[in-house]
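>>> Predicted model, plus sequence, below.
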Amino acid sequence: MAESVREMIPEEEVAKRIKTLGEQISKDYAGRSVHLICVLKGGVFFMCELAKRITVPVSMDFMSVSSYGDDTKSSGVVRIVKDLDEPLEGKDVLIVEDIIDSGRTLSYLIENFKDRKPKSLRLCTLLDKPERRIVKDIKVDYLGFAIPDEFVVGYGLDYAQKYRNLPYIGVVEGVE
Ligand SMILES: O=P(O)(O)OC[C@H]1O[C@H](OP(=O)(O)OP(=O)(O)O)[C@H](O)[C@@H]1O
Ligand SMILES: Nc1nc2[nH]cnc2c(=O)[nH]1
């Protein structure tokens, strides 16, 4: 079977959900500013769209960690590829991720960020695969969609670096 992508969540539905998340975040952070941390590379599309829907002052920084490489299975070892440019001390920090799968990436990031003494630390993820969770105690403050255990692409998510630019969430078929 040739490699193809089946649509799971259409573009319009993703956009609608991000708008709602932006409104909720704006309400919760009213009177404050929010420091968004994008987890590269996957989180970049989601963070850009989300930031446009937030009405309180926003600042941004970028972190790159990797545990998957070009594989569909996590190596289990989280590696910092690029650290943040600015300190988190005293800031209301919101981590913006594309997906939580095993939870290893976020567990690592949350512990790492706590040591940097932010005023508050919350988590926003576009997708969550709860069935796959290995690290159980991760609190998701803002969630786009809970999805079944399938390897998804699009909206920043890749398969061997492909498909990040798809405007919808899809499932790769015809691969091992
Ligand atoms: O919950 P986990 O099992 O840790 O998986 C989630 C992580 O996996 C993906 O990153 P990846 O390492 O593929 O890097 P990328 O965003 O650069 O594609 C995704 O963007 C999350 O950061
Ligand atoms: N592209 C992609 N990366 C992931 N990292 C963890 N789970 C996934 C997934 O379903 N798709």
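Arrived safely. Residues are numbered from 1 along each chain as shown. Ligands and ions are numbered 1, 2, ... in the order given.
>>> Helices of this structure, start to end?
Taking DSSP state H as the test, the helices found in the chain are 11-28, 44-52, 104-114.
>>> Would you mind finding the most buried of those?
helix 44-52 (a mean of 20; mean count of other CB atoms under 10 Å). For every residue, glycine as well, the C-beta is placed using N, CA and C.
>>> Nearest to the spatial middle of this protein, which residue is it?
Glu97 (1.2 Å; CA atoms, centre = their mean).
>>> Quick one, grab the pLDDT at that residue.
We have a pLDDT of 97 for Glu97.
>>> Excluding covalently adjacent residues, which one is nearest to it?
Thr125 (4.4 Å; CB to CB, 6 or more residues apart in numbering).
>>> before we move on, back to that, out of the helices of the chain, nearest to Ile138?
Distance to Ile138, taken as CB to CB, is lowest for helix 104-114 among these, at 5.4 Å.
>>> quick one: that closest one near ligand 2?
No - judged by CB under 6 Å from any ligand atom, helix 104-114 stays clear of ligand 2, getting no closer than 8.0 Å.
>>> Run the chain-centre distance for that helix.
Helix 104-114 has its C-alpha centroid displaced from the chain centroid by 13 Å (CA atoms, centre = their mean, to the nearest Å).
>>> what mean pLDDT would you report for it?
Rounded mean pLDDT across helix 104-114 is 94.
>>> Which positions within the lowest-mean-pLDDT helix or strand in the chain qualify as buried?
Across the helices and strands of the chain, mean pLDDT, DSSP states H and E gives its lowest value to strand 79-82, namely a mean of 90. The neighbour-count check on strand 79-82 (16 or more other CB atoms under 10 Å) flags nothing as buried.
>>> List the contacts of that strand.
With CB atoms under 8 Å, 6 or more residues apart in numbering as the test, strand 79-82 has contacts from 40, 62-67.
>>> List the contacts of the residue nearest to the centre of the chain.
39, 42-43, 46, 105-106, 123-126.
>>> what does Phe145 give?
Contacts of Phe145 (CB under 8 Å, 6+ apart): 9, 17, 126-128, 169.
>>> at 10 Å what do you get?
8-9, 13-14, 17, 99, 125-128, 152, 169 (CB atoms under 10 Å, 6 or more residues apart in numbering).
>>> quick revisit: of all the contacts of strand 79-82, which two lie farthest apart?
Phe62 and Ser67 (17.3 Å).
>>> which residues in the protein form strands?
Secondary structure of the chain (DSSP state E): strands located at 4-9, 34-40, 58-66, 79-82, 92-100, 120-128, 142-146, 152-153, 169-173.
>>> Worst mean pLDDT among those strands?
strand 79-82 (a mean of 90).
>>> ok, that strand: who's next to it in the sheet?
strand 58-66 (antiparallel) (DSSP bridges).
>>> and the strand it pairs with, anywhere near ligand 1?
Yes - under the criterion of CB under 6 Å from any ligand atom, ligand 1 is reached by strand 58-66 at Ser66.
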